[in-house]
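Q: give me a model of this one.
(2 chains)
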Amino acid sequence: MNSCARNFQSFLSPDHLVSHLLSPPPTLKKLQQIQAQILTNPRLQSNPNLLSHFISHFIQTYNLSNSSLLLRHLPKPHHQPSIWNHLLRSSAESSPPPGFLSVYRAMLQENISPDRATFTTLLRHFSALPNPSDAVATLHCQIIKLGHASDRFLLTGLLNLYSKVGCLNAAEQLFVEMPERDVIANNAMIAALSSHGRIIDARRLFESMPEKSSASWNSMITCYCKQNDVRAAREIFDRNPIKDVVSWNAMIDGYCKMGQLEMAWELFDRMGLAKNSVTWNTVISACLHHREFAMALSMFQVMQVENVRPTEVTMVSLLSACAHLGALSMGRWLHAYIRNHRLKIDVVLGNALIDMYFKCGSVEAALQVFHGMSMKNVFCWNSVIAGLGMNGYGEQAIEIFLEMDRRGGFKPDGVTFVGLLSGCSHSGLVSEGKKYFSRMLGVYGIQPEIEHYGCMVDLLGRAGYVEEALNLIETMPIQPNSVVWGSLLRACRIHKDAKLSERVTQRLLELDPDDGANYVFLSNVYASSKRWDDVERCRQIMIERGVQKVPGCSSIEVNNMIHEFVVGDASHPQFEQINTFLVEIERELRKLGYSPSTDSVLHDIEDEEKENAVMYHSEKIAIAFGLMSTRGKEPIRVVKNLRVCSDCHEATKFIAKLFQREIIVRDRNRFHHFRDGTCSCKDYW
DNA sequence: TTAGGGTTAG
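A: Predicted coordinates:
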């Protein structure tokens, strides 16, 4: 026994080794030790569970695409198709797309003849391959060649796959040539036609079917819903004599997607059958799409009262609601639930966790989830890059981007660069931002879109290169939108370029006359040069056009309850105590050297009469409430719908020092982590 | 076979 193997003597059982291969992902050294163990122990070689886990990590670690290399380094499993099928399935599920092909090639090289189970696995995963349509045609030939030409199950699978990879013609031909077309094959063809928009043909096939299963009916409901024709869907639904839970769910989802929520709720209340998890997932996800995040979470409570088990899909939606609300403790609770109930953290659920933690300002937890995932996709990388950026870790965002690039296998896309460039912008990394912007097209072949130009204008303008930003806007090949002009305007304000401000604002008001924020911007420009008449004129225009300014609103989670504070709203039951406490805080802050900056009061056209308005900005109220209702060292976390004003920013730095508490504020665009008198944004925001 | 899920510039 060599020394590597000896280190692992205490872990000789296959289960122990498997647990070593699970989380966290094994280091190269550990993988080699386990490999040595397996190679010297025949008992381990016959354990399919261990081998499949080992092989999937092996493929990932060595980035294998070539089966001879795989075979040279691996123990020979028994020559049973079942073990190979196991390996194939686990590698398809745990490593990025082309990976499982190495196992398949190795299997063929070993003269193991693929069987029905092998093809079932391949059919399930071939759509994820690069150039899937060619790959599917090859697979089709192999299935025929190996004598499965009359296997209805495999042929229907092929039909679905052809449709999924965009080859509807091949799917139709296969359907016509099928020796016998049962209900399942007919249903598959309806789904294929429907997903390619061939509704009339789908309907014709449906009506011609001698025997219809409930899925036939349901396929037609889904088909019309996908076309946004809920009336036709409802007709089928009403005609359907064998309505099952799927019929109701499909119909409810159709109404939700069309925004006809009353109809959806009516069916939801009326459905006599037991609601299943999909029913709940459908309505929870509808809440999300209508930005009713708190409602999504309360639907979950009802779901639990009704004893319906949440699934991975439920968790993804709920985590997304937490991300929007900044509800960290609920998010943590969900994460614990996922662990305790052993829900499978796949790329989607993992990504939802990463996103939730970042959007709740919990950078370490987000990174921990990311590094613990055995399979990642471009969404996960993008979430990490954007998440680091919005939390002020621009350098780390670049590092992760470079790591993604080095590893290969994950091609950065447009979203990657939005995250990367905005991260550079938040951290003031001008030359890096310029570098990656130019590499987008030059190196990665990604055409910059309006969002990328937006990031660059923000990056340049905020750093003081206002002329260069303007020049970029004037020369960019896409029509600049209000966001782009808005970034420039903000830059003008920071760098006190009143003349350009006015010009930009006029442009902005033409583009987006209904956005109250633009008028506030303009008014701020005037106020900063003390042009009170113009400020007044601006207010008049707003009144005439009926434009409203969005009120500032901050929320904070205390004891699993979300408390919302809207500026000027005194309805919170503890409003009086909070006020008294705020006055006390201010007194203490002044002793530390803080003096309120009334800049933003002058700029606030609605509240300018109130001298003490800054003291009542919603984030200060939320922070005060957080301080009086919690003990200990846990950071105070506040989510604000607008950007933090400069006075609140200054005051919060002092508050963090005074109370020795970390205060994390998520504003409209980014995070501020206040610690001991400083902010992570380095006052650059 | 049919229903439900994730990242994106100010």
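Q: OK, contacts around the residue of the stretch 101-250 of chain A found nearest DNA strand B?
A: With Cβ to the nearest atom of the strand, the shortest gap between the stretch 101-250 of chain A and DNA strand B falls at A:Ala215, namely 2.1 Å. Quick note: C-beta positions are derived from backbone N, CA and C, even for glycine. The contact partners of A:Ala215, taken as Cβ atoms under 8 Å, 6 or more residues apart in numbering, are A:Val183, A:Ile184, A:Asn187, A:Val246.
Q: of those, which are in range of DNA strand B?
A: Contacts with DNA strand B within these, counted by Cβ under 7 Å from any atom of the strand: A:Ile184, A:Asn187, A:Val246.
Q: any chance of CSV for these, columns neighbour count?
A: Converted to CSV, the ones next to DNA strand B among the contacts of A:Ala215 look like this (neighbours: other Cβ atoms under 10 Å):
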residue, neighbour count
A:Ile184, 15
A:Asn187, 23
A:Val246, 18
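Q: inside helices: which ones of those residues?
A: Residues of these located in helices (DSSP state H): A:Ile184, A:Asn187, A:Val246.
Q: pop out the phi and psi values for the residue nearest to A:Asn228 when sequence neighbours are not counted.
A: Distances taken as Cβ to Cβ, 6 or more residues apart in numbering place A:Met258 nearest to A:Asn228, at 6.1 Å, with adjacent residues excluded. The phi/psi pair for A:Met258 (degrees, to the nearest 10) reads phi -90, psi 0.
Q: what's the spacing between A:Met258 and A:Thr279?
A: According to Cβ to Cβ, to the nearest Å, A:Met258 stands 18 Å off from A:Thr279.
Q: of those two, who's got more company?
A: Each of A:Met258 and A:Thr279 has its neighbours counted (other Cβ atoms under 10 Å); A:Thr279 has more, 23 against 16.
Q: name the helix or strand for A:Tyr519, please.
A: Element membership of A:Tyr519, judged by DSSP states H and E, is helix A:516-528.
Q: what does the stretch 151-300 of chain A put close to DNA strand B?
A: Counting by Cβ under 7 Å from any atom of the strand, the residues of the stretch 151-300 of chain A close to DNA strand B are A:156-157, A:160, A:184, A:187-188, A:191, A:213-216, A:218-219, A:222, A:244-246, A:249-250, A:253, A:276-279, A:281-282, A:285, A:288.
Q: which residues of the stretch 451-600 of chain A score low on pLDDT?
A: Counting by pLDDT under 70, the stretch 451-600 of chain A contains low-confidence ranges at A:598-600.
Q: who in it is up against DNA strand B?
A: A:451, A:453-455, A:458, A:481-484, A:486-487, A:490, A:515, A:517.
Q: what do you get if the cut-off is 10 Å, keeping everything else the same?
A: Residues of the stretch 451-600 of chain A lying close to DNA strand B by Cβ under 10 Å from any atom of the strand are A:451-459, A:461-462, A:478, A:480-491, A:494, A:508, A:511-512, A:515, A:517-518, A:521.
Q: which ones among those are found in helices?
A: Those of those lying in helices (DSSP H): A:451-459, A:461-462, A:482-491, A:494, A:508, A:511, A:517-518, A:521.
Q: which among those residues end up buried?
A: A:451-459, A:461-462, A:482-491, A:508, A:511, A:517-518, A:521 (16 or more other Cβ atoms under 10 Å).
Q: so who does A:Asn276 touch?
A: Contacts of A:Asn276 (Cβ under 8 Å, 6+ apart): A:Val245, A:Asn249, A:Val308.
Q: re earlier: mind putting the ones in helices among the ones next to DNA strand B among the contacts of A:Ala215 in a markdown table, distance to A:Gly593 and pLDDT included?
A: Shown next, in a markdown table, are those (distance: Cβ to Cβ, whole Å; pLDDT from 0 to 100):
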| residue | distance to A:Gly593 | pLDDT |
| --- | --- | --- |
| A:Ile184 | 76 | 90 |
| A:Asn187 | 73 | 92 |
| A:Val246 | 66 | 95 |
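Q: isn't A:Arg124 right up against A:Glu93?
A: No: judged on Cβ atoms under 8 Å, A:Arg124 makes no contact with A:Glu93 at a distance of 9.4 Å.
Q: using PDB, list the CA coordinates for stretch A:234-249.
A: Coordinates of each C-alpha in stretch A:234-249 appear next as PDB, following Å, rounded to 0.1, in the frame of the first residue of the first chain:
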ATOM      1  CA  ARG A 234     -60.300  28.100 -21.300                       C
ATOM      2  CA  GLU A 235     -62.600  26.600 -23.900                       C
ATOM      3  CA  ILE A 236     -60.500  23.500 -24.000                       C
ATOM      4  CA  PHE A 237     -60.400  23.500 -20.200                       C
ATOM      5  CA  ASP A 238     -64.200  23.700 -19.900                       C
ATOM      6  CA  ARG A 239     -64.700  21.000 -22.500                       C
ATOM      7  CA  ASN A 240     -62.200  18.700 -20.800                       C
ATOM      8  CA  PRO A 241     -64.200  15.800 -19.200                       C
ATOM      9  CA  ILE A 242     -61.200  14.500 -17.300                       C
ATOM     10  CA  LYS A 243     -59.900  17.600 -15.600                       C
ATOM     11  CA  ASP A 244     -57.000  16.700 -13.200                       C
ATOM     12  CA  VAL A 245     -54.700  18.900 -11.100                       C
ATOM     13  CA  VAL A 246     -52.500  19.500 -14.100                       C
ATOM     14  CA  SER A 247     -55.400  21.000 -16.100                       C
ATOM     15  CA  TRP A 248     -56.200  23.400 -13.200                       C
ATOM     16  CA  ASN A 249     -52.500  24.300 -12.800                       C
END
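Q: that stretch: how far from the chain's middle?
A: Between the mean C-alpha location of stretch A:234-249 and the chain-wide mean there is a distance of 33 Å, by Cα atoms, centre = their mean, to the nearest Å.
Q: do the same with stretch A:319-330
A: Centroid separation for stretch A:319-330 versus its chain: 12 Å, with Cα atoms, centre = their mean.
Q: over to stretch A:389-401?
A: On Cα atoms, centre = their mean, the centre of stretch A:389-401 falls 17 Å from that of its chain.
Q: next: stretch A:343-351.
A: Between the centre of stretch A:343-351 and the centre of its chain there are 11 Å (Cα atoms, centre = their mean).
Q: can you list the buried residues in it?
A: Neighbour-count burial for stretch A:343-351 flags A:Leu343, A:Ile345, A:Asp346, A:Leu349, A:Gly350, A:Asn351 (criterion: 16+ other Cβ under 10 Å).
Q: out of these, which are close to DNA strand B?
A: Among the buried residues of stretch A:343-351, proximity to DNA strand B is found for A:Leu343, A:Ile345, A:Asp346, A:Leu349, A:Gly350, A:Asn351 (Cβ under 10 Å from any atom of the strand).
Q: just put the residues you listed in TSV and tack on secondary structure.
A: Listed next are these as TSV, based on DSSP: H, G, I helix; E, B strand; the rest coil:
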residue	secondary structure
A:Leu343	coil
A:Ile345	coil
A:Asp346	coil
A:Leu349	helix
A:Gly350	helix
A:Asn351	helix
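Q: please convert the residues you listed to JSON lines, extending it with pLDDT.
A: What follows is these, written out as JSON lines (pLDDT from 0 to 100):
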{"residue": "A:Leu343", "pLDDT": "94"}
{"residue": "A:Ile345", "pLDDT": "93"}
{"residue": "A:Asp346", "pLDDT": "91"}
{"residue": "A:Leu349", "pLDDT": "96"}
{"residue": "A:Gly350", "pLDDT": "96"}
{"residue": "A:Asn351", "pLDDT": "97"}
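Q: just those residues now: which is nearest A:Asp115?
A: Among these, A:Asp346 lies closest to A:Asp115 (Cβ to Cβ), at 26.6 Å.
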